[in-house]
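[1] quick one, fold the following:
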Amino acid sequence: MEITEIKKVGKGLRYHVYIDDKYEGTFEAEILAKHKLKTGQELSHEELEKIKIANGDLACFDRGLGALEKSMKTEKMLYDYLVGKAYPEECIERAIEKLKDYGYIDDNVFAENFIRSYSHMKGRKKLKYDLLGKGVAPEIIEDKLNELVSDEEQTEICLRHAKKYLKNKEFNEKTKQKLYAHLLSKGYDYSCISKVIKEVCDDRD
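    Residues are numbered from 1 along each chain as shown. From the prediction side, this is the model:
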């Protein structure tokens, strides 16, 4: 097999490679340099497959790193992102392990940052539900919630939500039921909501 053409793609560091006048794939400049690939070069099938694997690993790692530089992600979030970019499973697994080793992926840190950012807006149940959806392990979520969110803080925040919801509303049984549903949707548990509604009722009385 002969490399018949190497064509630069746009302004980046990627190239289209043609083997025997047929498009073979897009390769990173680093791979071309490392393997000293050039037009007219002969390659065996085995050599080409090894180069493709190395190229896939590098491209997948770079794409994953780029995504993490834009926003922090859990391991599952990054996995789903790279699957969506059609990288081979083996390349994704190797890229993720490498990124974990370098400290770019840490579900413990993600969970902690997420809870710190949203605990003033959401109850424990909603925080847990959201983190589970992002692929964080249940035991990590429980540890971080216990560490960062106290019952007293939850009650105080829930009370603020309740007062905001009731502003300029007539307080009656129907409003009370709607308030309960509203606080439930925010992720607060039954005991917290009951305590807050009792306090609100006492204040209104």
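[2] where exactly do the helices run in this structure?
    29-34, 45-70, 75-84, 89-101, 107-118, 124-133, 138-148, 151-166, 173-185, 190-204 (DSSP state H).
[3] give the buried residues for the third one.
    Counting neighbours by 16 or more other CB atoms under 10 Å, one finds that the buried residues in helix 75-84 are Glu75, Lys76, Met77, Leu78, Tyr79, Tyr81, Leu82. Placement of C-beta: from N, CA and C, glycine included.
[4] run the chain-centre distance for that helix.
    Relative to the centre of its chain, helix 75-84 is centred 8 Å away, using CA atoms, centre = their mean, to the nearest Å.
[5] same thing with the first one?
    Centroid separation for helix 29-34 versus its chain: 30 Å, with CA atoms, centre = their mean.
[6] what's next to that helix, contact-wise?
    With contact meaning CB atoms under 8 Å, 6 or more residues apart in numbering, helix 29-34 is reached by Ile6, Leu13, Arg14, Tyr15, Val17, Leu37, Ile51, Ala54, Asn55, Leu58.
[7] from Glu28, how far out is the last one?
    Looking back up the chat, that one is Leu58. Distance, Leu58 to Glu28, using CB to CB, to the nearest Å: 5 Å.
[8] rewinding a little: of the buried residues of helix 75-84, which is the nearest to Phe114?
    Of all these, Met77 has the smallest distance to Phe114: 11.3 Å, by CB to CB.
[9] find the nearest non-adjacent residue to that closest one, please.
    Leaving aside its chain neighbours, Met77 sits nearest to Lys134 (5.7 Å; criterion: CB to CB, 6 or more residues apart in numbering).
[10] number of nearby residues for the one you found?
    Neighbourhood size, Lys134 [other CB atoms under 10 Å]: 17.
[11] wait, what's in contact with it?
    Going by CB under 8 Å, 6+ apart, the list of residues near Lys134 reads Thr74, Lys76, Met77, Phe110, Phe114.
[12] which regions of this protein lie under the pLDDT threshold?
    Counting by pLDDT under 70, the chain has low-confidence residues at 203-205.
[13] quick one, domains of it?
    Domain assignment for the chain by automatic domain parsing gives 3-101, 107-148, 151-204.
[14] next, the distance between the ends of the longest one.
    What it means is domain 3-101. Domain 3-101 has an end-to-end distance of 36 Å (criterion: CA to CA, to the nearest Å).
[15] how far is that domain from where the chain is centred?
    So, by CA atoms, centre = their mean, the centroid of domain 3-101 is 22 Å from its chain's centroid.
[16] and the second one, by the same measure?
    Distance, stretch centre to chain centre, for domain 107-148: 13 Å (CA atoms, centre = their mean).
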